[in-house]
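Undergrad: give me a model of this one.
(2 chains)
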Amino acid sequence: MHRYSTTQNNRIFILTGLSIALIVAVLVSPFASKNPDGLDRVAQDLNFESKSEKDPIAKKLPFFSIFEEYTMRGVPESVATPLAGLVGTIATFGLSMALGKLTTRQRRISQDDSTLK
Amino acid sequence: MPQFSILNSAFLAMHIPDGFLSLPVLGVTWIGAIGLIAISLKQVESDYQDRAVPLMGVCAAFIFAAQMINFPIPGGTSGHLLGGTLAGVLLGPWAGSLVVSIVFMVQGFVFQDGGITAMGANIFNMGLIGTFGGYYLFRTVRNLVGQGLRGIVVGTAIASLFSVVTASAIAAIQLAISGTVPLLIGMTAMVGWHVMIGVGEALVTVATVTFIWRSRPDLLYTSSKKMNSELLR
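TA: Sure thing, here's the model as predicted:
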């Protein structure tokens, strides 16, 4: 019973945490401040913004054909940033869960639990 | 469409892009980042149990999401969460470092946020300074103030503010060594803005850590004797 409730609690925790992250990334992101951030502002004020590479490696990657920074291409402007937020949040979540599962030590009990569902 | 991208770059979080840092600085920061990530991988493999996994996933997702939200600070500038101290306090320095590294890699590779050559510097400055420096500062303050909620709040607040200011100072040093901007001018400007950004960092980090401490204290790195046994060695 104790083991079952731990698994259950973890599921609730994951769902709650991921939901909060998704709400932030999808629903709040369009309202983010459009002012330059700390480094951006300093680069503008001290005139070294132009030193940034015009043709960076990241723009040669296939992802650039899907996302231009935090906007998804080919969709209406109103959903471009929310969709980028959705994909990015799920990607970081999935990669971190996967890395965690690959690196941490498995307890037999929790493996049994997950097969029970 | 240059106009579009100028608009965009002002709208979004900006990490250090390609072109700001010189080759030696890029090399040193990459070596530092990769070295600490490698040690973290080994530590997670030997010391963490799979119960850390849900928090690793949620923490990464939350830091990615929160970094999208630039909050305004006085003076027409904005800031966003860095998240290093948050990850360090929640997951400990080892799993915390892995998680923040994943966030910066996704941002750099998928969303062109932060240069790929500068990724070592961005991971080091915004991630590892928080996961290591922030975490150990948190522990020190917490041991002085107390193990209860008060110690957590005070420790988290001081550590997150300090980690952001430190990160901005280190970035200013990297920019100066690279010949991008003179040290004193760059340092004054970077630290000046990042003191205010650090206050925002502290508010978000304290709120998040307190929320998890109240709802699932068993998931916190510091509350698990097994998970942090290596620290008591």
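
Undergrad: low pLDDT regions in chain A?
TA: Chain A contains residues with pLDDT under 70 at A:1-4, A:108-117.

Undergrad: quick check: B:M14 is in a helix.
TA: No: using DSSP: H, G, I helix; E, B strand; the rest coil, the assignment for B:M14 is coil, not a helix.

Undergrad: now it: how far from chain A?
TA: Distance, B:M14 to chain A, using Cβ to the nearest Cβ, to the nearest Å: 4 Å. (Each C-beta comes from the backbone N, C-alpha and C, glycine too.)

Undergrad: so that residue makes contact with A:D40?
TA: Yes: here B:M14 reaches A:D40: they are 4.3 Å apart, a contact under Cβ atoms under 8 Å.

Undergrad: which residues does A:N9 contact?
TA: By Cβ atoms under 8 Å, 6 or more residues apart in numbering or on different chains, the residues touching A:N9 are B:R216.

Undergrad: tally of neighbours for A:I57?
TA: By other Cβ atoms under 10 Å in any protein chain shown, 16 other residues sit near A:I57.

Undergrad: nope, B:K42 is what I was after
TA: For B:K42, the neighbour count with other Cβ under 10 Å is 12.

Undergrad: low-confidence bits of chain B, can you list those?
TA: Residue ranges of chain B with pLDDT under 70: B:1-13, B:222-233.

Undergrad: show me where it has strands.
TA: In chain B, the segments counted as strands under DSSP state E are B:71-73, B:77-79.

Undergrad: how far does the first one sit from the chain's center?
TA: By that I understand strand B:71-73. 18 Å (Cα atoms, centre = their mean, to the nearest Å).

Undergrad: neighbouring strands of it in the sheet, and parallel or not?
TA: Paired neighbours of strand B:71-73 in the sheet (DSSP bridges): strand B:77-79 (antiparallel).

Undergrad: so how many other residues sit close to the closest residue to chain B within chain A?
TA: With Cβ to the nearest Cβ, the shortest gap between chain A and chain B falls at A:G17, namely 3.2 Å. A:G17: 24 surrounding residues under other Cβ under 10 Å.

Undergrad: spatially central residue for chain B, please.
TA: B:G84 (2.3 Å; Cα atoms, centre = their mean).

Undergrad: excluding its backbone neighbours, what's nearest that one?
TA: B:G130 (1.7 Å; Cβ to Cβ, 6 or more residues apart in numbering or on different chains).

Undergrad: ok, now which ones touch the nearest residue to B:V58 once chain neighbours are set aside?
TA: Among residues not flanking B:V58 along the chain, A:G17 sits closest, at 3.2 Å (Cβ to Cβ, 6+ apart). A:G17 makes contact with B:P54, B:L55, B:G57, B:V58, B:C59, B:A61, B:F62, according to Cβ under 8 Å, 6+ apart.

Undergrad: how far out from the middle of the chain is the helix or strand A:G17 falls within?
TA: Element membership of A:G17, judged by DSSP states H and E, is helix A:2-22. Averaged C-alpha coordinates place helix A:2-22 at 18 Å from its chain's average position (Cα atoms, centre = their mean).

Undergrad: for that helix, buried residues please.
TA: A:T7, A:N10, A:F13, A:I14, A:G17, A:L18, A:I20, A:A21, A:L22 (16 or more other Cβ atoms under 10 Å in any protein chain shown).

Undergrad: surely the third one touches B:P54?
TA: Yep, that's A:F13 we're talking about. Yes: the criterion here is Cβ under 8 Å, and A:F13 meets it with B:P54 at 5.6 Å.

Undergrad: anything in contact with each of the two?
TA: Jointly contacting A:F13 and B:P54 under the rule Cβ under 8 Å, 6+ apart are B:L219.

Undergrad: nearest residue to B:T77 in space, please, no chain neighbours.
TA: A:R41 (4.4 Å).

Undergrad: ok, now which ones touch the residue nearest the centre of chain A?
TA: Centre of chain A computed as the mean C-alpha position; nearest residue by Cα atoms, centre = their mean is A:T89, 2.5 Å away. A:T89 is in contact with A:L18, A:A21, A:L22, A:A25, A:V26, B:A61, B:F64, B:A65, counting by Cβ under 8 Å, 6+ apart.

Undergrad: which strand or helix spans the nearest residue to the fifth one once chain neighbours are set aside?
TA: Distance criterion Cβ to Cβ, 6+ apart; nearest residue to A:V26, sequence neighbours excluded, is A:P82 at 4.4 Å. Counting by DSSP H and E, the secondary-structure element that holds A:P82 is helix A:77-103.
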